[in-house]
Each structure stands twice: as structure tokens, then as C-alpha cells.
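>>> fold the following for me, if possible:
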Amino acid sequence: MGHPNTETLTAAEVYAMPQVILVDDNIKALDGLRRHIPWHDTGCVCVGTAQNGIEALALCHALHPDVVITDVKMPQMDGIALCRQLHHSFPDMQIIVISAYDDFSFAQQAMSLGVKHYVLKPVNHQKIAELSAILLHMAQKTQQYTASMSAFFTSNDVDVLRQALLHTHEQQITQTITRIFASARLDVRVAKQIATHLVAVLYQHSSQFGLTTLVAHQSVNDGLAGINALQTVESVRDYVFRMYHNVMRYLNAQRNPSTEQLVQRILHYIEEHYGDADISTYAIAQKFHLSQSYLCQIYREHTRTSIHATITQKRIDGACECLKQDPQRSIAEIGRQVGYMDAQYFAKVFRRVRGLTPSEYRELATPI
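Below is the predicted model of the structure:
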């Protein structure tokens, strides 16, 4: 195993560039790749070579390269077995497979093991150009990764989140996490790295509030491991949202132990505003400066029903009173008074709750 083409680079320069390992049991082919790939133009650096999968795996554990370019047919451990091991141990590592066999079934198997690039032999000038283009793209992605991570760590977002947790300012947490993950340059690899840091900060901060080992019923290791299984920036963002909002619910409950009074205030608010067409769980959460999830949780715990069910019941009860007391008013008008702008929808909900249409109820409830 060797470490070619690093002699003229400083350690800092080598570290900043995507690092590549070449794997092939054919020494001539291995040397050809090392010499003919225009490393300087690709922005990558070759840091090692191996002649079989076992050597390559040991080298990967030692050097943690960004990219592995491997042949398929090799002794001791072939390319497929190597891909399987790398996919398990280094899920973010990029793998380029070079094969002399145009075998679709192999290509399918390779793709299932995280291989995104598959180049057919012979490795001529055209294939060298193809490999160079792939490596250049990877180098550009690495530059974007470095820039995104630098932007995150030089921002004050982490301090903002710490302060928001300290003061249980949930809206600030939502806005900050949304902004962090809204960057168009963010890919899932960067998102996972940022999420790992944010969740670690969350566990660290939460220890001050009696959550030393658990956040949202997860240990530190489980919380961080959960990030690795995510596949999109959106799912990573939502995972961080859930972790932070779960802690916020805990903190709100700790600082406001008498949630019964809060629920009574919410009930009173619904009683006063159920006729508003735009009343909703979201609107009530905004009114009381709570997250929707926390609002729904405490409300159900104290009332054994949902906010939506309560609003519906209040509206239908109000409609029943109107139908009995004012037989001259139109059903559509009564529906609007209790918050239903659509008369047909009002009739449908009324029938579901009371088992009668508004007209049938009025006829039964109005004295002859």
C-alpha cells in the first residue's frame, strides 16, 4: 500500500481536499489510474492504494477517505464484499466501481450498497475523463459542504437556540431551526452534521433541567443514531424540530405545573370564539404561545377529548339553541353564526353529531 501524489502538498491542503483510495489487484491498472487521473484538475488527492478488499478496508479505517475507486474481481475480498463493508461502516463514503463486465444484475446489487457511480472497463482516455468529471463533482460538493459548515459554525444560531431553551421561547426555536435548514446549498450530509451538533447541544443544555440522560425518551446515543437513518434534509430538519419541541413541552410543564388553569383558560377562549370561522388548533396555540403538539397533549390529558372535537361540539350545541329559539332564521345563517361558512358542510357535521339534519332537529325541537 502506498501514499502517492501528496509530496508537494501541505498537510492542511491534503486534509481540505477530498481524499481518494484506489483498489485493484492488477498493479499495472492501479498504477495507471494513479498516474493518469489529473488529480490537480479534479481537486482531489489520492492518499492510498490497495490490491484487495481486505487491504482496502484496513486502509479506509486508518485514513477515512472520502472516495473509494474499486475494481470488482479481486482475491480474498472482492469489490462487492468491500462495498457491503464500506456501506455498513462508512455510509457517507462515495464509492466508484470499475468493472470489466457489463452486468446489469451486478450494477443493481452495487447500487443497493450505496454505489452511485459505475464505470466499465477498459479504462481508456474517455473513461479517465469520465472518472475525472465524477471526482471534480465530488470535490465541488465537498467545497459546498465546507462552506455550509463554516457558515453554520460562524453564525450565532446555536447561542440563539440556547437562549430560547433557557427562556422557553418556542417560536424563536422554530424560526431558528427553520432558517438553519432553509439554505439552498444544504445537502443531506451537511444537514446530518448540523443536526448532530444541534441535538448534542440540546442534550447538554437539557441536563440542567433534570434530563441528564434522556430527551424525548431517548438516550444521547439513540438520539444521535436516529439522525443517521434519515435520507432527506426535510426529514433531518423535522427530527431536530421534534427533539427540541419535546424538550420545550417538558420545560413548559415544569415551569407551569398547574396546567389545569391553562386548560380552563383555553376552554373559556373556545367558548367565547367558537363562532369564529378561522378558529383552529393552530390559532389557539398562537394565542397562548404554545406549540400545537404541546397544546393538544395537555388539552387531551385534562379533558379526554381533542380541541377539534370541543370546537365542533360547542358549535353544534350553539346551533341547536339557535334552531330552537329562532325558527325564522335560515339554517345557512345559523351555520355561519357558529362558524360554518358552507351550509352543506354545516348540515353534514350537524347530522354526524346529532343524528338529524338541522331541519329535522328544528322540526322536533320547535313546539307546535
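
>>> from now on I want contacts and neighbour counts done on CA atoms only, so please keep to that.
Fine.

>>> other residues contacting the helix or strand hosting residue 336?
If you go by DSSP states H and E, residue 336 is part of helix 331-337. Contacts with helix 331-337, where a contact means Cα atoms under 8 Å, 6 or more residues apart in numbering, come from 275, 277, 319, 322-323, 341-343, 346, 358-359.

>>> from those residues, which is closest to residue 230?
Of all those, residue 277 has the smallest distance to residue 230: 38.4 Å, by Cα to Cα.

>>> give me every residue that touches that closest one.
Residue 277 makes contacts with 336, 338-341, as judged by Cα under 8 Å, 6+ apart.

>>> what residues sit buried inside stretch 131-148?
Across stretch 131-148, burial judged by 16 or more other Cα atoms under 10 Å covers 131-132, 135-136, 138-140, 142-145, 148.

>>> and for it, what's in contact with it?
Outside stretch 131-148, the residues within contact range by Cα under 8 Å, 6+ apart are 17-18, 37-39, 41-44, 119, 185-187, 189-190.

>>> which among the residues you listed end up buried?
Going by neighbour count (16+ other Cα under 10 Å), the contacts of stretch 131-148 have 17-18, 37-39, 42-44, 119, 186-187, 189-190 buried.

>>> out of those, which comes closest to residue 87?
Nearest to residue 87 among the buried ones among the contacts of stretch 131-148, with distances taken as Cα to Cα, is residue 189, at 14.7 Å.

>>> for whichever strand or helix holds that closest one, buried residues please.
Per DSSP H and E: residue 189 is located in helix 188-206. For helix 188-206, the neighbour count (16+ other Cα under 10 Å) marks 188-192, 194-196, 198-200, 202-203, 206 as buried.

>>> distance check, residue 288 against residue 334.
29 Å (Cα to Cα, to the nearest Å).

>>> neighbour count winner among the two?
Neighbour tally, residue 288 and residue 334, criterion other Cα atoms under 10 Å: the higher count belongs to residue 334, 22 against 12.

>>> tell me the pLDDT at the more buried one?
Among the per-residue scores, residue 334 holds a pLDDT of 94.

>>> please report how far it lies from residue 309.
19 Å.

>>> lowest-pLDDT helix or strand in the chain?
In the chain, no helix or strand scores lower on mean pLDDT, DSSP states H and E than strand 214-215, which sits at a mean of 55.

>>> ok now do the spatially most central residue of the chain, which residues does it touch?
Computing the C-alpha centroid of the chain and ranking residues by Cα atoms, centre = their mean puts residue 236 first, at 1.6 Å. Residue 236 makes contact with 188, 191-192, 195, 227, 230, according to Cα under 8 Å, 6+ apart.

>>> pLDDT and distance to residue 94 added to these, as a markdown table?
As requested, the contacts of residue 236 are exported to a markdown table (pLDDT from 0 to 100; distance: Cα to Cα, whole Å):
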| residue | pLDDT | distance to residue 94 |
| --- | --- | --- |
| 188 | 84 | 14 |
| 191 | 88 | 17 |
| 192 | 89 | 16 |
| 195 | 90 | 21 |
| 227 | 86 | 19 |
| 230 | 85 | 17 |
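
>>> which parts of the stretch 151-300 of the chain are strands?
214-215, 218-219 (DSSP state E, counting those that start in this stretch).

>>> my error: substitute the stretch 1-150 of the chain in the last question.
Along the stretch 1-150 of the chain, counting by DSSP E, counting those that start in this stretch, strands occupy 19-23, 45-50, 67-71, 94-99, 117-120.

>>> go through this structure and flag its longest helix.
Criterion DSSP state H: the longest helix present in the chain is helix 125-154.

>>> now that one: how far from the chain's centre is it?
23 Å (Cα atoms, centre = their mean, to the nearest Å).

>>> that helix vs helix 188-206, what angle?
Helix 125-154 and helix 188-206 meet at an angle of 20 degrees, taking axes from the mean of the first three to the mean of the last three Cα atoms, to 10 degrees as the criterion.

>>> now do the buried residues in the helix holding residue 336.
So for helix 331-337, counting by 16+ other Cα under 10 Å, buried means 331-332, 334-337.

>>> may I see the buried residues of stretch 171-188?
172-174, 176-178, 180-181, 186-188.

>>> can you list contacts of stretch 22-29?
With Cα under 8 Å, 6+ apart as the criterion, stretch 22-29 contacts 30, 33-34, 46, 48-53, 56, 68-71, 73-75.

>>> count of neighbours near the closest residue to residue 81 other than its chain neighbours?
Using Cα to Cα, 6 or more residues apart in numbering and skipping the chain neighbours, the partner closest in space to residue 81 is residue 53 (7.4 Å). Here the number of neighbours of residue 53 (other Cα under 10 Å) works out to 27.

>>> which ones are touching residue 53?
Contacts of residue 53 by Cα under 8 Å, 6+ apart are 23, 74-79, 81-82.

>>> quick one, which of these are buried?
23, 74, 77-79, 81-82.

>>> rebuild those as JSON lines, extending it with pLDDT and distance to residue 351.
Shown next, in JSON lines, are the buried ones among the contacts of residue 53 (pLDDT from 0 to 100; distance: Cα to Cα, whole Å):
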{"residue": "23", "pLDDT": "95", "distance to residue 351": "72"}
{"residue": "74", "pLDDT": "89", "distance to residue 351": "73"}
{"residue": "77", "pLDDT": "90", "distance to residue 351": "70"}
{"residue": "78", "pLDDT": "86", "distance to residue 351": "68"}
{"residue": "79", "pLDDT": "87", "distance to residue 351": "66"}
{"residue": "81", "pLDDT": "90", "distance to residue 351": "64"}
{"residue": "82", "pLDDT": "92", "distance to residue 351": "64"}
